[in-house]
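[1] Sequence isn't available, so here's the structure alone:
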Ligand SMILES: Cc1cc2nc3c(=O)[nH]c(=O)nc-3n(C[C@H](O)[C@H](O)[C@H](O)COP(=O)(O)OP(=O)(O)OC[C@H]3O[C@@H](n4cnc5c(N)ncnc54)[C@H](O)[C@@H]3O)c2cc1C
């Protein structure tokens, strides 16, 4: 008899899990029910910013529909799971329906973190996570208007790019002293800020939003910063980080990681042998990962486990990232901040103000540990493939040659 897998959430990682399971379940042992809260089936969240600036229909982002057309799969869109009863092995949806499972995979992703500053919920303020957010921001954007993006990380800069493409004047406000503080070191962040300012986007680092003020019409009119300055704004986009969506954990009696997320081991298993968590909601050995590549690896591992196959433990996730938009090339990979004991750093800024590159090497200078590239990411694929391996030529030759 077929067993039933329920997947909660229909995001990028759930999609990978279902596609992999269907492709490899040659014995047709499983039927799958995917329950997703958004009104759309899984779409390419990574490309949302392209949609923000350039338009394009929502459908253009939908992921390969194989998982939707296979008779073994049922997808419920616009349906939120509100409870998991592990004893009865059912999930409960908002409409009160209970659905039984043999195996359950939680793939609920993250929500955008909106700092609780006064006025955060004024009309004209938006989070930046979903297709709905993008549609709402596009509807509120006006050519010649002013937008404030709160957060100068990868998402904030992508949002800024989209708003700029919509004809808005854009300010980016970042609490850290530099842009993309997670990925870049100080020289890299400074160079990036210079390049972005050169493209007409105002960048303010080392300052926070104190409050959002509304105009007489009740809509956002300005943003007051902690340095006392104030920016006019008709649109405010919060891109200040994400938080794992683990709200089902308490009711299900599942533990959360130290910073949230469903606590799982390296095979994405909760202590309940029928329940796994994958993607951004999974705190693997206590740590959540906010990128899609680690999520895909988790999905593939769980698909293998469901089919009774050997699966490698999840370790050493690929956390390399590359800014996709703004016409600015930025990438970071491996131990970009040189946190490994005894690590050496080798940097080149050439020509000044245009290109910066840093390689982080092991103490003996032989092994590549990570790096940062701003202004030219041509060498990125090659360098990333060398992480953890001996470098074939000197660091200087590696950077200049590439
Ligand atoms: C604008 C933008 C750009 C990005 N760019 C990159 C990039 O360049 N590179 C990169 O690696 N990553 C990028 N990311 C991050 C990447 O999109 C995520 O890592 C990836 O989408 C995580 O997939 P997921 O399936 O874990 O979560 P999600 O894609 O968030 O999917 C989770 C789904 O579960 C649903 N859900 C939650 N709770 C419930 C519930 N109780 N019941 C039913 N459904 C529920 C949610 O509504 C959501 O649809 C970007 C993200 C954004 C927003």
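    On my side now, so go ahead. It should be emphasised that the depicted structure is a prediction, and the values quoted were computed from it without experimental measurement.
[2] Would you pull up the residue in the stretch 51-200 of the chain closest to the ligand?
    residue 109 (2.3 Å; Cβ to the nearest ligand atom). Glycine gets a C-beta too; all of them are placed from N, C-alpha and C.
[3] That residue: what's it in contact with?
    Going by Cβ atoms under 8 Å, 6 or more residues apart in numbering, residue 109 touches 9, 11, 13, 244, 245, 279, 280, 281.
[4] Where strands are concerned, which of the residues you listed count?
    Of those, the ones assigned to strands by DSSP state E are residue 244.
[5] got the contact list for residue 262?
    With Cβ under 8 Å, 6+ apart, residue 262 has these contacts: 106, 244, 246, 248-249, 254-256, 270, 277, 281-283.
[6] re earlier: what does the pLDDT read for the residue of the stretch 51-200 of the chain closest to the ligand?
    Per-residue pLDDT puts residue 109 at 98.
[7] so residue 356 bridges to which residues?
    residue 349, residue 374 (DSSP bridges).
[8] now residue 103
    Here residue 103, judged by DSSP bridges, has bridge partners residue 5.
[9] Weed out the non-buried ones from the contacts of residue 109.
    Taking 16 or more other Cβ atoms under 10 Å as the criterion, what is buried in the contacts of residue 109 is 9, 11, 13, 244, 245, 279, 280, 281.
[10] export those residues to JSON lines and tack on pLDDT and distance to the ligand?
    Shown next, in JSON lines, are the buried ones among the contacts of residue 109 (pLDDT from 0 to 100; distance: Cβ to the nearest ligand atom, whole Å):
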{"residue": "9", "pLDDT": "98", "distance to the ligand": "3"}
{"residue": "11", "pLDDT": "97", "distance to the ligand": "2"}
{"residue": "13", "pLDDT": "98", "distance to the ligand": "3"}
{"residue": "244", "pLDDT": "98", "distance to the ligand": "9"}
{"residue": "245", "pLDDT": "98", "distance to the ligand": "5"}
{"residue": "279", "pLDDT": "98", "distance to the ligand": "2"}
{"residue": "280", "pLDDT": "98", "distance to the ligand": "4"}
{"residue": "281", "pLDDT": "98", "distance to the ligand": "6"}
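[11] for the stretch 201-350 of the chain, what spans make up the strands?
    Ranges of strands in the stretch 201-350 of the chain, per DSSP state E, counting those that start in this stretch, are 202-205, 209-214, 220-225, 230-232, 235-238, 242-244, 262-264, 275-277, 282-284, 321-322, 330-334, 344-349.
[12] weakest of the ones you listed by average pLDDT?
    strand 321-322 (a mean of 75).
[13] Which strands border that one, and is each parallel or antiparallel?
    Partners of strand 321-322 in its sheet, by DSSP bridges: strand 330-334 (antiparallel).
[14] show me the contacts for the spatially closest residue to residue 298 that is not a sequence neighbour.
    The shortest distance from residue 298 to any non-neighbouring residue, by Cβ to Cβ, 6 or more residues apart in numbering, is to residue 278 (4.0 Å). Applying Cβ under 8 Å, 6+ apart to residue 278 gives the contacts 13, 14, 17, 105, 106, 107, 268, 295, 298, 299, 302.
[15] Next one: residue 278 relative to residue 168, how far apart?
    Plainly put, residue 278 is 37 Å away from residue 168 if you go by Cβ to Cβ, to the nearest Å.
[16] Quick check: phi and psi on residue 156?
    The phi and psi torsions at residue 156 (degrees, to the nearest 10) take the values phi -60, psi -40.
[17] domain assignment for this structure?
    Per the record, the chain has its domains at 3-111+242-306, 125-238, 329-401, by automatic domain parsing.
[18] out of the ones you listed, nearest to residue 319?
    Across these, the minimum distance to residue 319, taken as Cβ to Cβ, is reached by domain 3-111+242-306, at 6.3 Å.
[19] So what's the gap between the closest one and the chain middle?
    Relative to its chain's centre, domain 3-111+242-306 lies at 15 Å (Cα atoms, centre = their mean, to the nearest Å).
[20] Redo the strands of the stretch 201-350 of the chain as a markdown table? Include distance to residue 35.
    Output for those, formatted as a markdown table (distance: least, Cβ to Cβ, whole Å):
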| stretch | distance to residue 35 |
| --- | --- |
| strand 202-205 | 41 |
| strand 209-214 | 34 |
| strand 220-225 | 34 |
| strand 230-232 | 41 |
| strand 235-238 | 27 |
| strand 242-244 | 18 |
| strand 262-264 | 16 |
| strand 275-277 | 15 |
| strand 282-284 | 17 |
| strand 321-322 | 30 |
| strand 330-334 | 35 |
| strand 344-349 | 47 |
